[in-house]
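> need coordinates for the below:
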Amino acid sequence: MTDDDRALILGIVRGVLTEKAPIIVTHGTDTMVETGRYLERALIELAVPIVLTGAMTPLGFEGSDGLQNLTESLLAVRLLSPGIYVVIHGQIFPVGRVRKDRERGRFAWTTEVPS
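As a prediction, the model looks like this:
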């Protein structure tokens, strides 16, 4: 995932924002937070929530968490206030306060201030 890819996602999201409906973006987990922060920097005054979600174990593999994470995102996006979030494993994280913990294979809260 490059900044050119993120710019493409941003363009699509901007187009969908005209519909004034919540947005879910499915994304690979390795760079999901970076994409969310990219969107957050570019989309200053949101009127709807945007949720990024994915799977630690991809769909099609035994034990995939993808369908559960998507289902949770469908509910979360209807309840959240405007902003950009990561929804995964039964948790909702504001994109500026989450990181992928690769050692534990999950997402975790962070106290680091995003750049």
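> so the residue of the chain most remote from its centre versus N69, what's the distance?
Centroid-distance maximum for the chain: E62 at 23.0 Å, with CA atoms, centre = their mean. Computed as CB to CB, to the nearest Å, the E62 to N69 distance reads 16 Å. (Each C-beta comes from the backbone N, C-alpha and C, glycine too.)
> tell me how many other residues surround the nearest residue to T29 once chain neighbours are set aside.
Distances taken as CB to CB, 6 or more residues apart in numbering put G54 closest to T29, at 4.5 Å, once the chain neighbours are dropped. Using other CB atoms under 10 Å as the criterion, G54 is surrounded by 24 other residues.
> just the helices in the chain please.
Counting by DSSP state H, residue ranges of the helices within the chain are 3-17, 32-42, 66-79.
> what about the chain, any weak spots by pLDDT?
Counting by pLDDT under 70, the low-confidence segments of the chain come to 113-115.
> report the central residue of the chain.
Using CA atoms, centre = their mean, the residue of the chain that lies closest to the mean C-alpha position is L52, 1.8 Å off.
> looking at strand pairing, list the partners for it.
L52 forms beta bridges with V25, V86, as assigned by DSSP bridges.
> and the end-to-end length of stretch 24-38?
Using CA to CA, to the nearest Å, the end-to-end distance of stretch 24-38 comes out at 15 Å.
> residues in contact with it?
For stretch 24-38, the surrounding residues in contact (CB atoms under 8 Å, 6 or more residues apart in numbering) are 1, 3, 6, 9-10, 13, 50-56, 70, 73-74, 77, 84-86, 88, 95-96, 98-100, 107, 114.
> could you do stretch 66-73 as well?
The contact list for stretch 66-73 (CB under 8 Å, 6+ apart) reads 24, 26, 51, 53-55, 57-59, 87-90.
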